[in-house]
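Trainee: Have a look; sequence and predicted model below, questions after that.
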Amino acid sequence: MKQFIAKWQQAKIARLELCPLPTLLTPIENGKVLVFAPHPDDEALGCGGTLALLRQKACTIKVIFVTDGAGAGSLAADAPMIRRKEAVESLAVLGISDMEFLDEPDGNFRNSPRFENKVRALFQQFNPDWVFLPSMLDYHRDHVAIGQAVLSCWQRWGMPGRAFVYEIWSPLPATRVMDITSVINLKKQAISRYVLPLTHCDYLSASIGLASYRGLYLPGNKKNKYAEAFIEVEKKVVFGSFLQIMLKSRLYLENLLKS
């Protein structure tokens, strides 16, 4: 039986493409884009270049900051106010002025009927063409919980638009890439407005380094190219769908890290 399974697996591997790469994502024009950011700075780190391109294409963009950015008690009492101000300044660099702060507890987000009703209202009021949300494979618990909650609502209620998962603390098995080479300086400037987080960690170098690496997925000459990577999520809810696979993988990863 073991030999049969091994041969079956080898046959499946032999049928794999040599090196499939994520496909190029083209910015839409005059569309509506809804972004869910667990904390102020996640939007700039995860999809700041893409948002800059979409604004250049005359898209209307609304960013939802889910938690208050208090740092789970590790920051000073005035951190939420500082990070809110920095968020306004960072989004201004990208040409975005429409944002909302939900002030959920940083580091301890829990989904609830109240939050789901808010998400549903946002979808119905804004009617987005594209939606961006954090990855359920991410190492940060808030990112996992918020990504799961929003995506579950989007799938379960058949909400409008295409959904794209972005990466922060852990790289994604990407299916889509956006060429952000032309706006990489805007992404750098937007991240740089988050002075408080940058005093604790060099997110700027890390994010630009990841964008440079993702640039290898772009077609043509890949020298000095930058990209942001995403997973585009299927809308149909099926057994073994993206949501279930991602959550199962994240739990498996945590068990490995604890062992």
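Mentor: Yep, that arrived. Numbers count the residues shown, from 1 in each chain.
Trainee: which SS state does residue 65 fall under?
Mentor: Classification of residue 65 by DSSP: H, G, I helix; E, B strand; the rest coil places it in strand.
Trainee: That one: what's it in contact with?
Mentor: Neighbour list for residue 65: 37, 39-40, 43, 84, 87, 99-102 [criterion: Cβ atoms under 8 Å, 6 or more residues apart in numbering]. In short, each C-beta sits where N, CA and C put it, glycine included.
Trainee: Emit the ChimeraX select command for whichever of these are buried.
Mentor: In ChimeraX syntax, the buried subset of these is picked out as below (16 or more other Cβ atoms under 10 Å):
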select :37,39,40,43,84,87,99,101,102
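Trainee: so which of the contacts of residue 65 comes closest to residue 22?
Mentor: For the contacts of residue 65, the residue nearest residue 22 by Cβ to Cβ is residue 43; the value is 20.6 Å.
Trainee: one step back: between the contacts of residue 65, which sits nearest residue 18?
Mentor: residue 43 (35.3 Å).
Trainee: circling back: give me the subset of the contacts of residue 65 lying in helices.
Mentor: 43, 84, 87 (DSSP state H).
Trainee: What residues does the residue nearest to residue 129 when sequence neighbours are not counted make contact with?
Mentor: Nearest non-adjacent residue to residue 129, counting by Cβ to Cβ, 6 or more residues apart in numbering: residue 31, 3.9 Å away. Contacts for residue 31 (Cβ under 8 Å, 6+ apart) come out as 54, 57, 59-60, 128-130.
Trainee: So residue 187 is in contact with residue 211, correct?
Mentor: Yes. Using Cβ atoms under 8 Å, residue 187 is in contact with residue 211, at 7.1 Å.
Trainee: Who has more neighbours out of those two?
Mentor: residue 187 (27 against 23; other Cβ atoms under 10 Å).
Trainee: roughly how far apart are the more buried one and residue 10?
Mentor: Relative to residue 10, residue 187 is positioned 43 Å away (Cβ to Cβ, to the nearest Å).
Trainee: hmm, back to that, just the buried ones from the contacts of residue 31, in PyMOL syntax?
Mentor: A single PyMOL command selects the buried members of these (16+ other Cβ under 10 Å):
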select buried, resi 54+59+60+128+129+130
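Trainee: ok so, going back, which one among the ones in helices among the contacts of residue 65 gets closest to residue 215?
Mentor: The closest of those to residue 215 turns out to be residue 43 (Cβ to Cβ; 20.3 Å).
Trainee: and stretch 38-49, how far from the chain's centre?
Mentor: Distance, stretch centre to chain centre, for stretch 38-49: 7 Å (Cα atoms, centre = their mean, to the nearest Å).
Trainee: now swap in stretch 123-132 and tell me
Mentor: 15 Å.
Trainee: Buried residues, it. List them.
Mentor: For stretch 123-132, by 16+ other Cβ under 10 Å, it's 123, 126, 128-132.
Trainee: returning to what we had before: out of the ones in helices among the contacts of residue 65, who's nearest residue 168?
Mentor: residue 43 (9.9 Å).
Trainee: Sweet, I'm off.
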